[in-house]
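Chemist: Pasting the sequence and the predicted model now:
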Amino acid sequence: MAAEEKFVAPDSCLINLTKREIEVLSLVLEGKSSREVAAALYCSKRTVDFHLARIYEKLQVTNRVQAMRRATLLGLVSLEAGAIPK
C-alpha cells in the first residue's frame with residue numbers, strides 16, 4: 001500500500017492524501033475528465049473513480065467542484081495548472 005503524505009491545513013485539520021490522490025486531484029483541477037485522468041496516469045477510469053471517492057471522503061465533500069475548492073483552500077493544490085504547492 002502506498003505511503004500517505006500528511007498535510008497540515010491552516011485550520012489545524014490533518015488531511016492525509018497519497019501522492020497518487022494528489023496527482024488525480026491536480027489533473028481534475030486542470031479540468032480533465034475521469035477518462036482523461038486515467039489516460040494520463042496509465043490506469044483505468046474505475047481506478048480514477050476509486051481515488052476520487054477516497055479524496056471526497058477525506059476532504060468531506062461530495063463532488064469534484066467541492067473537492068477542488070476545498071483542496072485549494074487547504075493549500076493541497078494550487079490554482080496554477082493544478083500544481084502541487086511547495
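Modeler: Good, I have the coordinates.
Chemist: I'd like to know the average pLDDT value across stretch 69-84.
Modeler: Across stretch 69-84, the average pLDDT comes to 76.
Chemist: low-confidence ranges in this protein?
Modeler: 1-13, 80-86 (pLDDT under 70).
Chemist: Using PDB, write out every CA atom in the longest helix anywhere in it.
Modeler: The single longest helix within the chain, with elements called by DSSP state H, is helix 45-59. Extracted C-alpha coordinates of helix 45-59, given in PDB (Å, rounded to 0.1, in the frame of the first residue of the first chain):
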ATOM      1  CA  LYS A  45     -11.300   5.000 -15.300                       C
ATOM      2  CA  ARG A  46     -12.500   2.800 -12.400                       C
ATOM      3  CA  THR A  47      -9.200   3.300 -10.600                       C
ATOM      4  CA  VAL A  48      -9.500   7.100 -11.000                       C
ATOM      5  CA  ASP A  49     -13.100   7.000  -9.700                       C
ATOM      6  CA  PHE A  50     -11.900   5.000  -6.700                       C
ATOM      7  CA  HIS A  51      -9.200   7.600  -6.000                       C
ATOM      8  CA  LEU A  52     -11.800  10.400  -6.300                       C
ATOM      9  CA  ALA A  53     -14.100   8.600  -3.900                       C
ATOM     10  CA  ARG A  54     -11.300   8.400  -1.300                       C
ATOM     11  CA  ILE A  55     -10.400  12.100  -1.900                       C
ATOM     12  CA  TYR A  56     -14.100  13.100  -1.400                       C
ATOM     13  CA  GLU A  57     -14.200  11.100   1.800                       C
ATOM     14  CA  LYS A  58     -11.000  12.600   3.200                       C
ATOM     15  CA  LEU A  59     -12.000  16.200   2.200                       C
END
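Chemist: Fine, thanks again, bye for now.
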